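Engineer: Sequence and predicted structure below; questions after.
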Amino acid sequence: MPQTSIALAGADAPAKGRRPATRSFWRNVLRRLLRDPVTMTCFTILLLIVLAAIFAPYVAPHDPYRTSMARRLIAPGDARYWLGTDELGRDLLSRLIYGGRLSLFMGFAPVLMATAIGGALGVIAGYVGGAMNMLIMRVIDVFYAFPSVLLAVAISGVLGAGIGNTIFSLTLVFIPPVARVAESVATQMRMQDFVEAARATGAANWRIVLAHVVPNVTGPILSYASSLISVSIVLAAGLSFLGLGITPPEPEWGLMLNTLRQSIYVAPLNAVLPGVMIFITSMCFNLMSDGLHSAMDVKQ
Amino acid sequence: MLVYILRRILYTVPIAMGVSLVCFALIHIAPGDPLSAIIPEGASPDTVAQIRVAYGFDRPLPVQYLKWLAHVAQGDFGLSIMTQRPVLAEVAPALVNTLTLAAAAVLFGFVLGCLLGVASGYLAGRPTDKVVTAASITGVSIPHYWLGMVLMVIFAVNLNLLPATGMGEGGSGTFGLGWDSLQYLVLPALTLSVIPAGIIARSVRGTIAEVRKQDFMQTLHAKGLPGRRIFVHVVKNALPSVLAVMGLQLAQLLGGSILVETVFSWPGTGFLLNNAIFTRDLPVLQGTILVLAMFFVLINLAVDVLQTVVDPRIKRA
């Protein structure tokens, strides 16, 4: 839980000797993660998927774009096409391997951008306070007032399909919750004695923010952002599934699920395969995020 | 408490205004001229200018917004470009269908989530707890649109037990409480309930486990209170935070139903929204989103008020 990690991070951040203190906190977290079998299993699975996606040209047995009317919807278990073929006769295994590139990218990119932007907005709102806080947080509240799927669909729907638009709409969806987390921690930080002390010694605001606020906000934000990755993967694939994300013929899991849906009565196994990949990655990211949560929870 | 509730209601007004502003802006961030779908091909510049004036698009944006808002406040969301019917006439029946689906999903998901959560909260650390925790993480991680397809393959295609898509022959008009109608509801509602069930199970588990660790639990045990009376105390203490999660999930469910409705061709708001997007029917798109978002705002308000009512510890200034 974020609160506990805040308490810890707040306690171990004296003004000057900050560096060794934070390093040992993160080193502890890493040690706990390495010892957690669930986290390590998920990490290994994800690593394999990521490596396969990166080295797709060497790993994939066939060309993911090559269509063939003669080989349409071959069932999984075929000697040549292990996982079968799709509605245009393209090798499913190769497309799943290549598909990891876009699908994983769409999971990370919006979360990274939202963490940077939302984190910055939250820290500014929390540290400056007053009218600035009102201004930023009320605008954030308005966007927070939309259900996340609805906001993503609305913006992608209006702007049209495409990688850039999908990333933009998902970033917009994730900024408000990240900003809220950052704001609440930053507000607490502003009241802390060591921040007061730093101010009394004449430290500039930017210095206090960089040396005291940002390091303490990092933990809760990272812990929260890690839980967003699986949401982002499922949502991005969902947008592609609706035809609002990636455009054909790119291999991407959500889009593959969308086009194969037409064949669900003919070749149900082929049709549900891309969803298995979305499910596995989302599950692994969730379990890893849980692992990170408890590794950062010093109460245990 | 009354003061807090009144303040909370007042606070909803600027949020609702902001939400309406975002919905208004949607049309204007759309690439291309918002009128392009209405203007007939090869229209003369004069005609285009006339249409522009007729729709008020020649005015400055703030004026346009206020005029639009005035219309919306009176229930006038404009005309659908595709059907030429009032947007509200399109959205209202769809909203009823979405709410039907959401109600079924809520009933199933919330009950299941609470049961699982209470069971694993009481048995923290035991095998039951581990199984429930694993199940709830699965529920949270699963892409529900995919789960819908899998359920469709199993129950509609392979076992032929339930209808795959739609709402029945008569559509929403003849939808009732008989099995003829309800059988169409089973798969989409089940699909939609998985995420809230997972999230609620997790949060109920956490809250219950936390409450049971508090000191007063020992006092209750020490004074010899029977288990079910203690359970009442646990529920009372866990309720406020569980309510908050439930409210949020109910609202997310309304938004999330767009994917499930698309998979099962359920004629709700999500289905309507999807069609509006692909036919570039911007007024319907805007109207649907506005209605859903306002619903979301109202649910949040209701949850906050309810929380204050059930939890006397919350004394919000």
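Structural biologist: Thanks, I have it.
Engineer: Report how many residues lie close to the residue lying closest to A:Ile45 once chain neighbours are set aside.
Structural biologist: Nearest residue to A:Ile45, sequence neighbours excluded (CB to CB, 6 or more residues apart in numbering or on different chains): A:Cys284, at 5.3 Å. No exception for glycine: its C-beta is placed from N, CA and C like everyone else's. For A:Cys284, the count of nearby residues is 24 (other CB atoms under 10 Å in any protein chain shown).
Engineer: Same check on the one 4 residues further on?
Structural biologist: A count of nearby residues for A:Met288, using other CB under 10 Å, gives 24.
Engineer: packing partners for the host helix or strand of it?
Structural biologist: Per DSSP states H and E, A:Met288 falls inside helix A:268-296. Under the contact criterion of 3 or more CB pairs under 8 Å, 6 or more residues apart in numbering or on different chains; DSSP states H and E, helix A:268-296 touches helix A:18-35, helix A:37-54, helix A:92-128, helix A:214-241, helix A:253-260, helix B:127-141, helix B:144-151.
Engineer: so which of the ones you listed is the most packed in?
Structural biologist: When neighbours are counted by mean count of other CB atoms under 10 Å in any protein chain shown, the highest per-stretch mean among the helices and strands packed on helix A:268-296 falls to helix A:253-260, a mean of 27.
Engineer: coming back round to it: return the angle between stretch directions for the helix holding A:Met288 and helix B:127-141.
Structural biologist: Inter-element angle recorded for helix A:268-296 and helix B:127-141: 120 degrees (by axes from the mean of the first three to the mean of the last three CA atoms, to 10 degrees).
Engineer: So which bits of helix A:268-296 are buried?
Structural biologist: A:268, A:270-279, A:281-293, A:295-296 (16 or more other CB atoms under 10 Å in any protein chain shown).
Engineer: about what we covered before: same list, the helices and strands packed on helix A:268-296, but as CSV with distance to B:Asp215 and mean pLDDT please.
Structural biologist: As requested, the helices and strands packed on helix A:268-296 are exported to CSV (distance: least, CB to CB, whole Å; pLDDT from 0 to 100):
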stretch, distance to B:Asp215, mean pLDDT
helix A:18-35, 29, 75
helix A:37-54, 32, 92
helix A:92-128, 33, 92
helix A:214-241, 27, 90
helix A:253-260, 49, 89
helix B:127-141, 23, 86
helix B:144-151, 41, 90
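Engineer: Could you dump those helices into TSV with distance to B:Leu95 added?
Structural biologist: Shown next, in TSV, are the helices and strands packed on helix A:268-296 (distance: least, CB to CB, whole Å):
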stretch	distance to B:Leu95
helix A:18-35	46
helix A:37-54	40
helix A:92-128	29
helix A:214-241	21
helix A:253-260	26
helix B:127-141	26
helix B:144-151	20
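Engineer: Now do the residue of the stretch 101-250 of chain B found nearest chain A against B:Leu112, distance only.
Structural biologist: Closest approach between the stretch 101-250 of chain B and chain A, counting by CB to the nearest CB: B:Trp146, at 3.0 Å. From B:Trp146 across to B:Leu112, the span is 20 Å (CB to CB, to the nearest Å).
Engineer: go on, A:Val276?
Structural biologist: Distance, A:Val276 to B:Leu112, using CB to CB: 24 Å.
Engineer: tell me the contacts of the most centrally placed residue in chain A?
Structural biologist: Nearest to the geometric centre of chain A sits A:Ile229, at 2.1 Å (CA atoms, centre = their mean). Listed by CB atoms under 8 Å, 6 or more residues apart in numbering or on different chains, the contact partners of A:Ile229 are A:Gly107, A:Phe108, A:Val111, A:Phe285, A:Ser289.
Engineer: Quick one: residues contacting the last one.
Structural biologist: By CB under 8 Å, 6+ apart, the contact set of A:Ser289 is A:Ser223, A:Ser226, A:Ser227, A:Ile229, A:Ser230.
Engineer: any idea which of those is the one closest to chain B?
Structural biologist: Nearest to chain B out of the contacts of A:Ser289 is A:Ser230 (CB to the nearest CB; 5.8 Å).
Engineer: I figured the closest one hits A:Ile280, correct?
Structural biologist: No. At 10.7 Å, A:Ser230 does not count as touching A:Ile280 under the criterion of CB atoms under 8 Å.
Engineer: List the contacts of the residue of the stretch 101-250 of chain A found nearest chain B.
Structural biologist: The stretch 101-250 of chain A approaches chain B most closely through A:Pro147 (2.6 Å), counting by CB to the nearest CB. Neighbour list for A:Pro147: B:Ala251, B:Gln252, B:Leu254, B:Gly255, B:Gly256, B:Leu292, B:Ala293, B:Phe296 [criterion: CB under 8 Å, 6+ apart].
Engineer: Farthest-apart pair in these, please.
Structural biologist: Farthest pair in the contacts of A:Pro147 (CB to CB) is B:Gly256 and B:Ala293. Separation: 13.9 Å.
Engineer: buried ones in the helix or strand harbouring B:Leu243?
Structural biologist: Element membership for B:Leu243 (DSSP H and E) is helix B:227-264. Within helix B:227-264, the residues that count as buried by 16+ other CB under 10 Å are B:233-234, B:237-264.
Engineer: What's the first helix or strand after that helix?
Structural biologist: Using DSSP H and E, the helix or strand that follows helix B:227-264 in sequence is helix B:269-278.
Engineer: Next, see if that next one gets close to chain A.
Structural biologist: Yes. With CB under 8 Å from any CB of the partner chain as the measure, helix B:269-278 is seen reaching chain A through B:Leu273, B:Asn274, B:Ala276, B:Ile277, B:Phe278.
Engineer: what mean pLDDT does the helix or strand harbouring B:Val211 have?
Structural biologist: In this assignment (DSSP H and E), B:Val211 forms part of helix B:179-213. Summarised as a single mean, pLDDT over helix B:179-213 is 86.
Engineer: how much distance is there from the helix or strand just after it to the middle of the chain?
Structural biologist: Proceeding N to C from helix B:179-213, the next assigned helix or strand is helix B:215-222, under DSSP H and E. Mean-position distance between helix B:215-222 and its chain equals 39 Å (CA atoms, centre = their mean, to the nearest Å).
Engineer: Great, nothing more from me.
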